[in-house]
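>>> What follows is a predicted structure for the sequence shown.
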Amino acid sequence: MFIAKAVAAGLLATSFGGLATATPGTEAAYENKAKIESMRAGCMKEQGLTYLPEKVIKRDRTKEELARRAGDHEALRAYRAKYGFGVWSRLVFPGDPAVDRDMGESRNNKLLMSLSAKDLKAWRAADDRCFAKAVKSVLGKTVTSQAGFLADVNSALAKELRELDSDPKLAALGKEFGGCLKIAETRPTVLADRGRAAFASEATEVARSQSKGSLPKGTTALPGLTPEQARPYLAKEVKAALADLECGKAFYPAYAPRARVIEERVYQEFALDFAL
């Protein structure tokens, strides 16, 4: 089973716009992430447990990636025709930078897979305590677990993005988008995330069925499937992603740039390097 570093299934998984170089706020977020990981590892060591600090990911987006994240239709179509929403493609095309840039495998994955169900539960409980301690020290935020932290991120992001749902132009485009998809939901923020979230949830459920220990709430995971085994899932995802894009042809270019400004601000606040 593949365990994602820290990606919540939901709003956190959505990221559209992008910057070619890091802003001062992003650099600060990178530094805070490194501090949290270092403190987390030290705390675990004090308890006689092993935790490998996750590497801080500093982004250098390609021209194509920036175009996709800005909602460019042709760039999005070229990507989705091969990778769908970018979920099952991580198993079908392992190591491909187009799908591995945003959700690398945890450095602790092999360790977790080697633990018994009892030891895994104890390790996760200790890690949650250490994570909470580090977050409080570095960010000044009170959390009790990684799941709670991610819930706070999604809550903050949803609150900030809510202004886009009430924007007249985006609301109108959302109605057209939802009508084309033949669904009742037309809120821009939900439409923007619904495709990826649905397939991330599907992948997590398959991973959960393989897991000898329950996955923490809010965790997105990929199951242990070979590229051949995962390919049918990707085929379904690609079909859905292209249909979604065709219906959202006018929506994404209007929504993405505005959403990205909000997302970047929230991600900086919570030191989420992988999302910047």
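Thanks, I have the structure now. Numbering: from 1, shown residues only.

>>> was I right about residue 147 contacting residue 219?
Yes - shown here, residue 147 and residue 219 form a contact pair, counting by CB atoms under 8 Å, at 7.1 Å. Every C-beta, even on glycine, is put in place using the N, C-alpha and C of the backbone.

>>> Neighbour count: those two, which is higher?
Applying other CB atoms under 10 Å to residue 147 and residue 219 shows that residue 219 carries more neighbours, namely 20 against 16.

>>> Could I get the pLDDT score of that one?
Residue 219 carries a pLDDT score of 74 in this model.

>>> Now it: which helix or strand?
Following DSSP states H and E, one finds residue 219 outside all helices and strands.

>>> do the one 10 residues further on as well
Assigning secondary structure by DSSP H and E places residue 229 in helix 227-247.

>>> Check the offset of that helix from the chain's centre.
How far helix 227-247 lies from its chain's middle: 18 Å, per CA atoms, centre = their mean, to the nearest Å.

>>> could you give me the average pLDDT of it?
Here helix 227-247 scores 98 as its mean pLDDT.

>>> tell me what the helix or strand just after it is packed against?
Reading on from helix 227-247 to the C-terminus, the next helix or strand found by DSSP H and E is helix 251-269. If contacts are counted by 3 or more CB pairs under 8 Å, 6 or more residues apart in numbering; DSSP states H and E, helix 251-269 sits against helix 24-46, helix 73-83, helix 146-165, helix 168-181, helix 188-210.

>>> Mind doing that once more with 7 Å?
If contacts are counted by 3 or more CB pairs under 7 Å, 6 or more residues apart in numbering; DSSP states H and E, helix 251-269 sits against helix 24-46, helix 146-165, helix 168-181, helix 188-210.

>>> Quick one: those as TSV, columns for distance to residue 80 too.
What follows is these, written out as TSV (distance: least, CB to CB, whole Å):
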stretch	distance to residue 80
helix 24-46	27
helix 146-165	22
helix 168-181	15
helix 188-210	9
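
>>> Among those helices, show me which one is buried the most.
Of these, the one with the most neighbours on average (mean count of other CB atoms under 10 Å) is helix 188-210, at a mean of 20.

>>> what does stretch 233-240 rub up against?
80-81, 84-85, 87-89, 92, 195, 199 (CB atoms under 7 Å, 6 or more residues apart in numbering).

>>> Which pair of those spans the longest distance?
92 and 195 (17.1 Å; CB to CB).

>>> which parts of the helix holding residue 229 are buried?
By neighbour count on 16 or more other CB atoms under 10 Å, the buried set for helix 227-247 is 230, 233-234, 237-238, 240-241, 244-245, 247.

>>> And for stretch 45-64?
49, 51, 53-54, 56-57, 59, 61.

>>> want to throw those into TSV with distance to residue 155 and pLDDT?
Listed next are the buried residues of stretch 45-64 as TSV, based on distance: CB to CB, whole Å; pLDDT from 0 to 100:
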residue	distance to residue 155	pLDDT
49	30	97
51	26	97
53	26	96
54	23	93
56	24	91
57	24	82
59	24	76
61	27	80
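
>>> Redo these as a markdown table? Include distance to residue 33 and secondary structure.
A markdown table is the format used below for the buried residues of stretch 45-64 (distance: CB to CB, whole Å; DSSP: H, G, I helix; E, B strand; the rest coil):
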| residue | distance to residue 33 | secondary structure |
| --- | --- | --- |
| 49 | 21 | coil |
| 51 | 15 | coil |
| 53 | 10 | coil |
| 54 | 8 | coil |
| 56 | 5 | coil |
| 57 | 8 | coil |
| 59 | 12 | coil |
| 61 | 18 | coil |
